[in-house]
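**Student:** pasting the structure only:
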């Protein structure tokens, strides 16, 4: 296969390829610059933290909704058959902690 391009066309192709190569090398230089690499790393960490915080929020929100559903009826009224025993357990635990704290101080 013979090249049917003129010397001017070959020279224009060489100039075009040089310009493309210069652009690619500049891009590599920017990507490999320490400040760019640090910025990319910071962005990845921030993204991971945001994603983790979002998942944690969803999990906590789901748990709170599940617990709330145990103590509040669908119409919004408290389920006294569950609220009263839970309140008694909390009061008893606080009382035990209070008594044991006083005994340790003596």
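**Tutor:** Nice, thanks for sending it over. Remember, it's a predicted structure, so these values are computed and weren't measured experimentally.

**Student:** C-alpha from now on. contacts and neighbour counts both.
**Tutor:** Will do.

**Student:** the helices in this structure, which residues?
**Tutor:** 7-32, 34-71, 80-105 (DSSP state H).

**Student:** with mean pLDDT and mean neighbour count added, can I get these in TSV?
**Tutor:** What follows is the helices of the chain, written out as TSV (pLDDT from 0 to 100; neighbours: other Cα atoms under 10 Å):
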stretch	mean pLDDT	mean neighbour count
helix 7-32	94	12
helix 34-71	93	12
helix 80-105	87	11
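
**Student:** any idea how far the spatially most central residue of the chain is from residue 58?
**Tutor:** Closest residue to the average C-alpha location of the chain: residue 51 at 1.8 Å, with Cα atoms, centre = their mean. To residue 58, residue 51 is 11 Å away according to Cα to Cα, to the nearest Å.

**Student:** again with residue 47
**Tutor:** 16 Å.

**Student:** ok, residue 98 next?
**Tutor:** 35 Å.

**Student:** try residue 27
**Tutor:** 40 Å.

**Student:** then residue 28?
**Tutor:** Taken as Cα to Cα, the span from residue 28 to residue 58 is 40 Å.

**Student:** residue 34 too?
**Tutor:** Relative to residue 58, and taking Cα to Cα, residue 34 is found at 36 Å.

**Student:** same thing with residue 73?
**Tutor:** 22 Å.
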